[in-house]
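1. Whatever this is, show me its structure:
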Amino acid sequence: MTQKDLENQFLDYFNNLETSKFSIKSFERIFGGASRETYKVLLADDDNEERNLIYRRTQDSSLIETEQSTEYSAYSAFQNSSVPVPKIIALEEDPNKLGAPFILMEEIPGKAASPFDKEAYVPHEIDLGNQFWEILGNIVKKDISDPILKDFYQEDQKPVWKRELDKWVDVIRQDSIGEEPILEAAIRSLENTPPNETENLCMVHGDYRNGNFLYLDNKITGILDWEMAHFGDPLEDLAWALSPIWSWTDHSRPAYLIDRDDALEIWKKTSGLALNKKDLEWWELFSCVKGLAIWISAGNEFNTFKNPDPINLFSAWLPGDIHTEIILEKLSKGFQQ
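-> Numbering: from 1, shown residues only. The predicted structure is shown next:
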């Protein structure tokens, strides 16, 4: 399908949802996503009233195999809540409509920063940091009995930690093209020293970090990219957000926002949960394994020409090396011995 064909089909679809008739002023691909093709769409009706939309469609080749309905349900669950998310317009699961399943949502104001830009949030890093960790605490408090989230329940009886570890180890086994002795040592350590099973099953974003939120000056305007959302241990998101990979040149300020100790205090106060240091250490090492699984998958996509986007080559190289270095540091310190 050509770009023009996609635009025309999109416009027909949208106009069938609305009472007014719109025309397309711009239809721009936003590159860099690992699991969705994302487009920024500007429409205008006959009175020149504009609509700013985000159109996210399933890619033919994806690093993270997720259902479009997962992302839709997560966004829907947090509409008009203390967790800022875009307003959802439609979920279309029929691939015959526009060539692939998609989600349509309102664009929200704000910009996203690279997770590798240590100056991105200056001079508002304290305000944004307070909000960032508070929002994560509010995600933990989401009532998971909400009917919108009914499909998130897992039928298997595995402990949460085991289910998540097995999932990402399977990705590594399928996509790795060489031996990974450091990674294998981390996997063995995780398997041999499991954490306590959580008593607080909760909503997990799955990729909560800098780069996945929008902000304007000193205010976070939206939390994005919920395609890996699931029910799990609240420490999974916390550990992922704390990972040194997201603040590689200043480990004292996770996500280049506020000090780690301050971040943990805000998270504890907002979530209402106590923090077990050993369990958090386990999930922090798990985050490295999960990260490497994603980077290995990216390399496989590039190497097999399924998705030759250069971002996949970059992901397999630099982030992969960084996560390997973090694993070495953690294991050398005698992780959970």
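
2. who touches stretch 74-81?
-> 85-88, 103, 105, 138-139, 142, 146, 148-149, 203, 205, 223, 226, 229 (Cβ atoms under 8 Å, 6 or more residues apart in numbering). Backbone N, C-alpha and C define where each C-beta goes, glycine included.

3. repeat that with 10 Å
-> Contact partners of stretch 74-81, identified using Cβ atoms under 10 Å, 6 or more residues apart in numbering, comprise 69, 83-88, 91, 103, 105, 135, 138-139, 141-144, 146-149, 152, 203-206, 223-230.

4. what do you get for stretch 165-183?
-> With Cβ under 10 Å, 6+ apart as the test, stretch 165-183 has contacts from 63-65, 156, 158-159, 184, 186-187, 190-191, 194, 230, 282, 286-301, 303-304, 316, 320, 323-325, 327-328, 331.

5. Distance across it, terminal residue to terminal residue?
-> 13 Å (Cα to Cα, to the nearest Å).

6. how far is that stretch from where the chain is centred?
-> Computed by Cα atoms, centre = their mean, to the nearest Å, the chain-centroid distance of stretch 165-183 equals 20 Å.

7. what do you get for stretch 279-289?
-> In terms of Cα atoms, centre = their mean, the centre of stretch 279-289 is found 17 Å from the chain centre.

8. cool, and stretch 308-323?
-> 17 Å.

9. Need the mean per-residue confidence for the one helix or strand I296 maps to.
-> I296 is part of helix 277-303, with elements assigned from DSSP states H and E. When pLDDT is averaged along helix 277-303, the result is 92.

10. Now the next helix or strand after it: buried residues?
-> As assigned by DSSP H and E, the chain's next helix or strand after helix 277-303 is helix 310-332. Within helix 310-332, the residues that count as buried by 16 or more other Cβ atoms under 10 Å are 311-312, 315-316, 319-320, 322-324, 326-327, 330-331.

11. Report the rounded mean pLDDT for helix 310-332.
-> What helix 310-332 shows for mean pLDDT is 85.

12. what do you get for stretch 174-194?
-> Averaged over stretch 174-194, pLDDT sits at 93.

13. now it, how far from the chain's geometric center?
-> Relative to the mean C-alpha coordinate of its chain, stretch 174-194 is positioned 23 Å out (Cα atoms, centre = their mean).

14. how close does the residue nearest to I103 when sequence neighbours are not counted get to T193?
-> For I103, ignoring the flanking residues on the chain, the nearest one in space by Cβ to Cβ, 6 or more residues apart in numbering is R56 at 4.8 Å. Per Cβ to Cβ, to the nearest Å, R56 is found 38 Å from T193.
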